[in-house]
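1. below: sequence and its predicted model.
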Amino acid sequence: MAEGKKLEGAGLRGQVAGKTALSTVGVSGSGLTYRGYDVKDLAENCEFEEVAYLILKGKLPNQAELDAYKNQLKRMRGLPAALKEVLERIPKDAHPMDVMRTGCSMLGNLEQEDTSVMGEFPQEMECTDRMVAAFPSIICYWYRYSHDGVKVETETDDDSIGAHFLHMLRGEKPNELHERVMNVSLILYAEHEFNASTFTARVCASTLSDIHSCITAAIGSLRGPLHGGANEAAMDMIENWTSAEEAEREMMGKLERKEKIMGFGHAIYSTSDPRNEIIKAWSEKLAADVGDTTLYPVSVRCEEVMWREKKLFCNADFFHASAYHFMGIPTKLFTPIFVMSRLTGWAAHVMEQRADNRIIRPSAEYTGEDLRKVTPIAQR
Ligand SMILES: CC(=O)SCCNC(=O)CCNC(=O)[C@H](O)C(C)(C)COP(=O)(O)OP(=O)(O)OC[C@H]1O[C@@H](n2cnc3c(N)ncnc32)[C@H](O)[C@@H]1OP(=O)(O)O
Ligand SMILES: O=C([O-])CC(=O)C(=O)O
């Protein structure tokens, strides 16, 4: 069970920066809740679209509401020609998170949110639904064009966002296991209170900016290796090791050299991240499915060494690395999948901020020079 840790010090740790009804992190016994539901319960019993609906619209949908929501999202999967042209110009070696950032921003140019009456945002839900539907299309359109020269069809009839993503990426519909894992993964990543990227979105929203600006800013914040980028960084690390023994030796060396190990530790949780045991179990199933005898044992040994040596635990990102890898997803697309999911949390926070807004503007402790006069340029 995750417990709260002593929260103080730099990085605004432990400071209440606002109110939310969307989620709790590390405060209730169950560790992580979305609108009062335990994330484990949601991951076991729901599809991602149900959870997206819960986060964005405030309640779990009934069957008719879910069907209508999924159909609406399906109809919004296509990309405007001007956006496709932009994606076609982005080089193969671009960072996929930069592609997401540009894709989101370009969509905001082509389908601007109506902000004409200050403080009123009548299209915020429609713009959000559009982004939820279009983000998988954006990343896959760019990836398939830049890597395979294929202009992929983004208007698929796949039932779920996860299946739609895998279908565009691989050119064929995924099997049931892979679709289920995508659902679970997207649920686990969907919302997490005032994490860095969500806070970024809220700061932007507090200026009464448009929703595409808020989401674009959040994508930039999620890109870093201390946040969403950790799933890719974890993969880059574990794929080098061919046995659990080698992983242990290398991990010990890293710890001796005081290197940060990606996919471990958390700003809020102190003993475990409740998302880890869920994605770890799916990673184990996928390992059995592909007959893996290396990557999963390597990952498990990393987890054991970090706990034994440092009492540091895997966060949501660590076993996502092996799980995605077993599904044949290229490492560089790991963090964009996080975006496809967290978009729901970001947008819900933007709406929550807008509904009860005061511009976010903290103060700083000044550590610079005392007041002084400008020396004329010739004398400097
Ligand atoms: C979905 C997500 O965004 S989850 C987070 C993903 N990020 C990562 O996996 C990156 C690796 N982890 C980290 O960098 C950190 O644990 C963070 C950024 C997640 C949290 O940072 P903080 O809140 O500052 O961590 P915390 O206060 O618990 O750190 C305590 C000590 O453990 C160390 N530590 C924390 N995480 C790690 C790690 N992954 N590897 C090695 N040492 C670590 C810190 O350096 C610190 O040591 P110090 O006191 O000697 O400076
Ligand atoms: O809450 C955090 O600081 C980081 C995190 O786990 C998330 O955003 O999912």
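-> Nice, I can see it. Numbers count the residues shown, from 1 in each chain. Ligands and ions are numbered 1, 2, ... in the order given.
2. which SSE is Ile138 in?
-> Following DSSP states H and E, the helix or strand that holds Ile138 is helix 124-148.
3. helix or strand next in line after that helix, which one?
-> With DSSP H and E, the next secondary element past helix 124-148 is helix 161-170.
4. could you list the contact residues of this structure toward ligand 2?
-> Val25, His192, Asn195, Ala267, Ile268, Asn315, Ala316 (Cβ under 6 Å from any ligand atom). To be clear about C-beta, it is placed using only N, CA and C from the backbone, and glycine gets the same treatment.
5. tell me the contacts of Ala190?
-> For Ala190, the contacting residues are Tyr34, Phe48, Val51, Ala52, Ile55, Ser341, Arg342, Thr344, Gly345, by Cβ atoms under 8 Å, 6 or more residues apart in numbering.
6. for it, what are phi and psi?
-> phi -70, psi -40 (degrees, to the nearest 10).
7. that one and Arg342: what is the separation?
-> 6 Å (Cβ to Cβ, to the nearest Å).
8. next one: Lys258
-> Taken as Cβ to Cβ, the span from Lys258 to Arg342 is 30 Å.
9. more neighbours: the two, which one.
-> Between Lys258 and Arg342, Arg342 has the larger neighbour count (other Cβ atoms under 10 Å), namely 26 against 6.
10. and stretch 74-87, C-alpha only, in PDB?
-> Taking Å, rounded to 0.1, in the frame of the first residue of the first chain, the C-alpha atoms of stretch 74-87 are listed here in PDB:
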ATOM      1  CA  LYS A  74     -14.000   7.400 -34.200                       C
ATOM      2  CA  ARG A  75     -15.500  10.000 -36.500                       C
ATOM      3  CA  MET A  76     -12.800  12.500 -35.300                       C
ATOM      4  CA  ARG A  77      -9.700  10.400 -36.200                       C
ATOM      5  CA  GLY A  78      -9.000  12.000 -39.600                       C
ATOM      6  CA  LEU A  79      -6.300  14.700 -40.000                       C
ATOM      7  CA  PRO A  80      -6.700  17.900 -42.000                       C
ATOM      8  CA  ALA A  81      -4.500  18.000 -45.200                       C
ATOM      9  CA  ALA A  82      -2.500  21.000 -43.900                       C
ATOM     10  CA  LEU A  83      -1.600  19.000 -40.700                       C
ATOM     11  CA  LYS A  84      -0.500  16.000 -42.800                       C
ATOM     12  CA  GLU A  85       1.700  18.300 -44.900                       C
ATOM     13  CA  VAL A  86       3.400  19.600 -41.800                       C
ATOM     14  CA  LEU A  87       3.900  16.100 -40.400                       C
END
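11. distance from the chain centre to it, please.
-> 22 Å (Cα atoms, centre = their mean, to the nearest Å).
12. do stretch 219-235 as well
-> Distance, centroid of stretch 219-235 to centroid of chain: 9 Å (Cα atoms, centre = their mean).
13. quick revisit: top of the residues of the chain next to ligand 2 by number of neighbours, please.
-> Counting by other Cβ under 10 Å, top hit in the residues of the chain next to ligand 2: Ala316 with 25 neighbours.
14. per-residue confidence at that residue?
-> Predicted confidence (pLDDT) for Ala316: 97.
15. who's in contact with it?
-> Ala316 neighbours (Cβ under 8 Å, 6+ apart): Leu188, Tyr189, Asp273, Arg275, Asn276, Ile279.
16. redo those as a markdown table? Include pLDDT.
-> As requested, the contacts of Ala316 are exported to a markdown table (pLDDT from 0 to 100):
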| residue | pLDDT |
| --- | --- |
| Leu188 | 98 |
| Tyr189 | 98 |
| Asp273 | 96 |
| Arg275 | 98 |
| Asn276 | 98 |
| Ile279 | 98 |
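17. quick check: Gln353 vs Gly220, distance?
-> 18 Å.
18. the stretch 151-300 of the chain against ligand 1: which residues are in contact?
-> Counting by Cβ under 6 Å from any ligand atom, the residues of the stretch 151-300 of the chain that sit close to ligand 1 are Leu226, His227, Gly228, Ala230, Lys260, Ile261, Met262, Gly263, Phe264, Gly265, His266, Ala267.
19. what's the helix or strand for Thr33?
-> strand 32-34.
20. next one: the closest residue to Glu153 other than its chain neighbours relative to Glu47, how far apart?
-> Spatial nearest neighbour of Glu153, chain neighbours left out: Met168 (7.6 Å); criterion: Cβ to Cβ, 6 or more residues apart in numbering. From Met168 across to Glu47, the span is 19 Å (Cβ to Cβ).
21. for Glu111, same thing?
-> Counting by Cβ to Cβ, the gap from Glu111 to Glu47 is 26 Å.
22. who has more neighbours, the two?
-> Glu47 (22 against 16).
23. the more buried one against Asn183, yeah?
-> Yes - Glu47 lies in contact with Asn183 (Cβ atoms under 8 Å); the separation is 5.2 Å.
24. could I have stretch 259-271 exported to CSV, CA atoms only?
-> Provided in CSV are the C-alpha atoms of stretch 259-271 (Å, rounded to 0.1, in the frame of the first residue of the first chain):
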residue,chain,number,x,y,z
GLU,A,259,23.8,7.9,-11.4
LYS,A,260,20.1,8.4,-11.6
ILE,A,261,18.3,5.3,-12.6
MET,A,262,15.3,6.0,-14.8
GLY,A,263,12.0,4.5,-14.0
PHE,A,264,12.6,4.5,-10.2
GLY,A,265,11.6,6.8,-7.4
HIS,A,266,8.7,9.2,-7.1
ALA,A,267,8.1,12.7,-5.9
ILE,A,268,5.0,11.8,-3.9
TYR,A,269,4.9,8.0,-3.3
SER,A,270,7.3,6.7,-0.7
THR,A,271,7.2,2.9,-0.8
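25. change the start of the numbering to 45 and stick with it
-> In the new count, where the first residue is 45, that last one comes out as stretch 303-315.
26. how near is His252 to Ser265?
-> Actually, residue 252 is Leu rather than His. Distance from Leu252 to Ser265, by Cβ to Cβ: 19 Å.
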